[in-house]
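Colleague: I'll drop the sequence and a predicted model, then ask my questions.
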Amino acid sequence: VARPRVLSGIQPTADSFHLGNYLGAIRNWVTMQDTHDAFYCVVDLHAITAGHDPAVLRQRTRLAAAQLLAAGLDPERCTLFVQSQVPEHSQLAWVLSCITGFGEASRMTQFKDKSSRQGAERASVGLFTYPILQAADILLYQADAVPVGEDQRQHLELTRDLAQRFNGLFGTTFTVPEPYIIRDTAKITDLQDPTAKMSKSASSPAGIIDLLDDPARSAKKIRSAVTDTGREIIFDPETKPGIANLLTIYSALAGRSIDDLVGAYAGKGYGDLKKDLSAVVADAVRPIQERTRAYLEDPAQLDKLLALGAEKARAVAAATLRTTYERVGF
Ligand code: ADP
Ligand code: NA
């Protein structure tokens, strides 16, 4: 039997991915290469909704692709591509936008959050229609499943509604994707505010460990991580969210259970945990950093891999768009 197809995207909106991205998404993408027919996309179209610098975007798109490859995405076992290199994404998004209700789009809570931060008048129409482009990303590939965190559930629901609506109006064209809830996904929190998620848009630099941080930098952030005034190293996200976060990162990177770690640190202090965690982080990111550097040093090879990925993606996307256009009457 064919493996279920999965589609997932990540924005190139920072120079480095952070440990939350790695442990919450990228590492699962690597695993899913062997269980799914996986399409992974650096969503640069999504990265221009709130103002950007062209040279920075171009550099971040390459950095994102290099880090994904370095983290273990293998172009032989998945399809890795850059969204803007597959024009069908924008083309399908237009068609879908014409069957999306204005009220329906207005109910997307992420737009409300993000636009209220920018000032609603200044927010772009692209930020408003972002979930429709996201629906196009997914439906173009006839994805059976989409890995989603809590914050993306509403957008996937819209995608499903649009697929069903289009199929009802014009004849069955799109697979209606199911949410794929990844079990055992680590939720990483901000080192400075351990009740909030580690996030490139919300956290301060000191709250984030970047995949590309050198060992001194990540060690400094871990040393300064906010903990509580107690001394005991136990896993209690409610009363000790800072220590729980450090244990979560340790456990996920070292492949040791939380219970094992709590046992091993009985009677030891926060300083011991932080020192050891710094070494664990450094060891885990070192090979990824080395491979990232190697990909960046050979831009021609990186471009070639991405061009091949775009070609593979386009073969699927173009077929879907052709059917869609035909059904619509073009
Ligand atoms: P950010 O919040 O930094 O902007 P994104 O929203 O671009 O990150 O998320 C990219 C991927 O990384 C998503 O799949 C998201 O679920 C995952 N992710 C982001 N932050 C975390 C985190 N702190 N813990 C676990 N997973 C995360
Ligand atoms: Na985000």
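Modeller: Received, thanks. Ligands and ions are numbered 1, 2, ... in the order given.
Colleague: Where does the stretch 201-330 of the chain get nearest to ligand 1, which residue?
Modeller: Ser201 (4.6 Å; CB to the nearest ligand atom). Every residue, glycine included, has its C-beta placed from N, CA and C.
Colleague: the helices in the stretch 1-150 of the chain, which residues?
Modeller: With DSSP state H, counting those that start in this stretch as the criterion, the stretch 1-150 of the chain has helices at 19-21, 27-32, 54-71, 88-97, 102-106, 109-118, 125-139.
Colleague: Among these, which comes closest to ligand 1?
Modeller: Closest to ligand 1 of the helices of the stretch 1-150 of the chain, according to CB to the nearest ligand atom: helix 19-21, at 2.6 Å.
Colleague: hmm, who's touching that closest one?
Modeller: Helix 19-21 is contacted from outside by Ile10, Lys187, Ile188, Lys197, Met198, Ser199, Ile208, Ile209, Asp210, Leu211, Ile249, Val281, using CB atoms under 8 Å, 6 or more residues apart in numbering.
Colleague: Quick check: closest non-adjacent residue to the residue of the stretch 201-330 of the chain closest to ligand 1.
Modeller: Thr13 (7.7 Å; CB to CB, 6 or more residues apart in numbering).
Colleague: List the contacts of the one you found.
Modeller: Ala47, Arg60, Lys200, Ser201.
Colleague: Which pair in those has the greatest spatial separation?
Modeller: Arg60 and Ser201 (14.0 Å; CB to CB).
Colleague: helix, strand or coil for the residue in the chain sticking out farthest from the centre?
Modeller: Distance from the centre of the chain peaks at Gly267, with 37.5 Å (CA atoms, centre = their mean). Of the three states, Gly267 takes coil according to DSSP: H, G, I helix; E, B strand; the rest coil.
Colleague: Could you do Pro179 as well?
Modeller: Once three-state DSSP is applied, Pro179 turns out strand.
Colleague: Run through the bridge partners of it.
Modeller: Note on Pro179: beta-bridge partners Val146, judged by DSSP bridges.
Colleague: My guess is it contacts Val148. True?
Modeller: Yes. Assessed by CB atoms under 8 Å, Pro179 is found in contact with Val148 at 4.9 Å.
Colleague: Quick check: neighbours shared by the two?
Modeller: Listed as contacting both Pro179 and Val148 by CB under 8 Å, 6+ apart are Leu156.
Colleague: More neighbours: which of the two?
Modeller: Neighbour count, other CB atoms under 10 Å: between Pro179 and Val148, Val148 has more, with 20 against 15.
Colleague: What segments of this structure are strands?
Modeller: 5-10, 37-42, 79-82, 145-147, 178-180 (DSSP state E).
Colleague: Could you list the buried residues of the helix-or-strand element of the chain with minimal mean pLDDT?
Modeller: For the chain, the helix or strand with the lowest mean confidence is helix 109-118, at a mean of 81 (criterion: mean pLDDT, DSSP states H and E). Neighbour-count burial for helix 109-118 flags Phe111, Lys114, Ser115 (criterion: 16 or more other CB atoms under 10 Å).
Colleague: Could you check the angle that helix makes with helix 125-139?
Modeller: For helix 109-118 against helix 125-139, the angle by axes from the mean of the first three to the mean of the last three CA atoms, to 10 degrees is 150 degrees.
Colleague: just checking, what packs against helix 109-118?
Modeller: Helices and strands touching helix 109-118, by 3 or more CB pairs under 8 Å, 6 or more residues apart in numbering; DSSP states H and E, are helix 125-139, helix 153-170.
Colleague: what's the offset of the shortest one from the middle of its chain?
Modeller: Yep, that's helix 125-139 we're talking about. 16 Å (CA atoms, centre = their mean, to the nearest Å).
Colleague: And stretch 97-109, by the same measure?
Modeller: 23 Å.
Colleague: and the helix ranked longest in the chain with helix 125-139, angle?
Modeller: Ranked by residue count and defined by DSSP state H, the top helix of the chain is helix 299-328. If you take the same axes, to 10 degrees, helix 299-328 sits at 90 degrees to helix 125-139.
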